[in-house]
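**Student:** Turn this into a model:
(2 chains)
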Protein chains: 2
Amino acid sequence: MQSDTVQKYSHQYWMYEALGFAKNHYKSEVPVCAIVVKENKLISCGLNLTEDLNDSTAHAEIIAIREASKTLSNWRLNNCILYCTLEPCSMCMGAILNSRIPKFVFGAYDQIAGACGSRLNLAYELEKEKQIEIIGGVCELECAELLKDFFINKRLTI
Amino acid sequence: MQSDTVQKYSHQYWMYEALGFAKNHYKSEVPVCAIVVKENKLISCGLNLTEDLNDSTAHAEIIAIREASKTLSNWRLNNCILYCTLEPCSMCMGAILNSRIPKFVFGAYDQIAGACGSRLNLAYELEKEKQIEIIGGVCELECAELLKDFFINKRLTI
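**Tutor:** Here you go, the predicted model:
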């Protein structure tokens, strides 16, 4: 999956990891993956499971945050980085801010629901932009391509 | 708990139900309760369990939504009403909008994090204000009093 030129443990490296999980995901669900990384170790992985679990809160970011908190026995995810292949919706961006994660990196932008500047900027609205570093557009093309392919295939099979 | 003058199945009636659950809640946790009601039947109840479950996503609204989806075997909570004793944060308001709940009623306003107009107005920001009816301030004094008492007691025991 990863190019040989990608530096180990860089943002691109982890985004490719997340992309790999998303690609292997069950085909009926919108392929989005979020992972939590701490000190260069993968702590948790969440996939979008809204349909599978019949749960509108089961977005990749929420699942990754919950799993990481469980693993670390701490709901405050200090010193962690969350990577997600897609810009989060307001629910997920609210969850990221509530979890105290200090750094968030995402891939594709979401003009319809993205809460990191595309549709609205939640961190800014809540005056929390100094508490979290947000980096968007990492491996953007690959992340966007995966979603585009999914929706093209979905239309072809309906 | 309820006054004899409260009409059965009115918004006040259900808010008093939620308040009752919140009052009986474990004392170390901020007492907030959310319930989902469908056709005058209680479908689910969620309490704030962030500390108990070590999970920053375990707010009352998220738990109530997840439980209701499970009970109804549907993540789209059409024809349901969500009641919460406190104005939701952005995460929870995002979850309410994602769940397609058409009516949301809350008690106390939250000037610090409230996403129904106090701190920001998420439904308006996302242009979803026509998709959801929001009623705030139902049993406001009682809901606010419960939270005030909790924080006063907490300060006294620290």
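
**Student:** Find the nearest non-adjacent residue to the most centrally placed residue in chain A, please.
**Tutor:** In chain A, the centroid-proximal residue (CA atoms, centre = their mean) is residue A:84; its distance is 1.8 Å. Nearest non-adjacent residue to residue A:84, counting by CB to CB, 6 or more residues apart in numbering or on different chains: residue A:34, 4.1 Å away. C-beta coordinates here come from the backbone N, C-alpha and C atoms, glycine included.

**Student:** doesn't the one you found fall inside a strand?
**Tutor:** Yes: according to DSSP: H, G, I helix; E, B strand; the rest coil, the state of residue A:34 is that of a strand.

**Student:** where are the low-confidence patches of chain A?
**Tutor:** Chain A contains residues with pLDDT under 70 at A:1-4, A:26, A:158.

**Student:** circling back to that earlier point, who touches the helix or strand hosting the residue nearest to the centre of chain A?
**Tutor:** Under the criterion of DSSP states H and E, residue A:84 resides in strand A:80-86. Contacts with strand A:80-86, where a contact means CB atoms under 8 Å, 6 or more residues apart in numbering or on different chains, come from A:11, A:14-15, A:17-19, A:22, A:31-38, A:43, A:60-61, A:64-65, A:68, A:72, A:92, A:96, A:99, A:101-108, A:110, A:114, A:138-139, A:143, A:146-147.

**Student:** After it, heading C-terminal, what element do we hit next?
**Tutor:** Going down the chain from strand A:80-86, the next helix or strand is helix A:90-98, by DSSP H and E.

**Student:** Can you check what angle separates that next one from strand A:80-86?
**Tutor:** For helix A:90-98 against strand A:80-86, the angle by axes from the mean of the first three to the mean of the last three CA atoms, to 10 degrees is 170 degrees.

**Student:** quick revisit: among the contacts of strand A:80-86, which are in strands?
**Tutor:** A:33-38, A:43, A:103-108 (DSSP state E).

**Student:** from those, which is closest to residue A:125?
**Tutor:** Proximity of the ones in strands among the contacts of strand A:80-86 to residue A:125 (CB to CB) peaks at residue A:104, which lies at 15.6 Å.

**Student:** residues touching the closest one, list them.
**Tutor:** Neighbours of residue A:104 in contact, by CB under 8 Å, 6+ apart: A:81-84, A:96, A:116, A:132-135.

**Student:** mind redoing it with 7 Å?
**Tutor:** A:82, A:96, A:132, A:134 (CB atoms under 7 Å, 6 or more residues apart in numbering or on different chains).

**Student:** which residues are contacting the helix or strand hosting residue A:51?
**Tutor:** In this assignment (DSSP H and E), residue A:51 forms part of helix A:50-53. Here helix A:50-53 makes contact (CB under 7 Å, 6+ apart) with A:26, A:28-29, A:56, A:58-59, B:75.
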